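*Asks:* Here you go, sequence then predicted model.
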Amino acid sequence: MKRSKVLLLIATSLAIVILLGTYLTVFRKRYSGSPPSMITPYVSASDIASINEAYSASDNAPWGFVHKGIDFFPTDNYKSFRAVFSGVIKEIKLRQGAQISNSKVDVTLEFDSSFSAVYYFEFFSQDTADGQIQLNNILVSEGQSVSQGDVIGKLYMAGGGSHVHFSLIKDGEMICPEPYFTQEAKNSILEILHKTYPGSGMCYG
Ligand SMILES: [Zn+2]
């Protein structure tokens, strides 16, 4: 074989190995089922006044009703909430109207084919102008890839009771998020929760 042919063969083989390696890395990341390791949805613990409800699949919880997520009540207007993991923004939807008691903007962040997170920016106002203000304070767009920690949006506290609801979804079910938080995130969330419910757990069956 000619020297030039040998070199071409080596170069082609190398290119195939590199392409295959890249493909497998990306594929494994999206479909291996390796679970997310989540940071807190809030940027700073000092931004959160209280957690009034955490996760409960029944009424048997300190807050007394079924609630398949965690409600973060900020200390002040326009506090930032961030991506708990890297992923893709799948949907941003304003829900407002007579039939919806707590107006909100829903943001869905997809981790992989199994896990996603939803944030409800619940601004508690029926005024359509307030809906636009909350929508304008969502700082990502549909289809956008975000990195863990990127700010998703700020909560516009138009009415009393405004908060951000966070849920972790696995295969279409809102599940207890606790095992998927880093130890640091878990400690931070429990510390805030314990201000309202001393000794409480994050999740109830
Ligand atoms: Zn909630």
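*Replies:* Structure's in. What do you need?

*Asks:* how near is N77 to the ion?
*Replies:* 19 Å (CB to the ion, to the nearest Å). C-beta here means a position set from N, CA and C on the backbone, and glycine is covered the same way.

*Asks:* check contacts around that residue.
*Replies:* L155, Y156, M157 (CB atoms under 8 Å, 6 or more residues apart in numbering).

*Asks:* go with 6 Å
*Replies:* M157 (CB atoms under 6 Å, 6 or more residues apart in numbering).

*Asks:* State the three-state secondary structure for S58.
*Replies:* Of the three states, S58 takes coil according to DSSP: H, G, I helix; E, B strand; the rest coil.

*Asks:* so how far is the ion from it?
*Replies:* Distance from S58 to the ion, by CB to the ion: 15 Å.

*Asks:* Just the pLDDT for that residue.
*Replies:* You'll see S58 listed with a pLDDT of 97.

*Asks:* Let me see the domain layout of this protein.
*Replies:* Domains of the chain are assigned by automatic domain parsing as 1-32, 45-204.

*Asks:* for the chain, what spans make up the helices?
*Replies:* 3-31, 128-136, 183-196 (DSSP state H).

*Asks:* Among those helices, show the one with the smallest mean pLDDT.
*Replies:* When I compare the helices of the chain, helix 3-31 is least confident, with a mean of 61.

*Asks:* Below-threshold pLDDT in the protein: ranges please.
*Replies:* Flagging of the chain using pLDDT under 70 yields the residue ranges 1-2, 6-7, 10, 12, 14-33.

*Asks:* So which bits of it are right by the ion?
*Replies:* Contacts of the chain with the ion, taken as CB under 5 Å from the ion, map to G69, D71, H165.

*Asks:* now the residue of the chain at minimum distance from the ion: how far from G143?
*Replies:* Across the chain, no residue is closer to the ion than H165, which sits at 3.4 Å (CB to the ion). H165 is 23 Å from G143, where distance means CB to CB, to the nearest Å.

*Asks:* follow-up on the earlier one: turn the residues of the chain next to the ion into CSV, including distance to D47 and neighbour count.
*Replies:* Shown next, in CSV, are the residues of the chain next to the ion (distance: CB to CB, whole Å; neighbours: other CB atoms under 10 Å):
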residue, distance to D47, neighbour count
G69, 18, 22
D71, 14, 18
H165, 16, 20
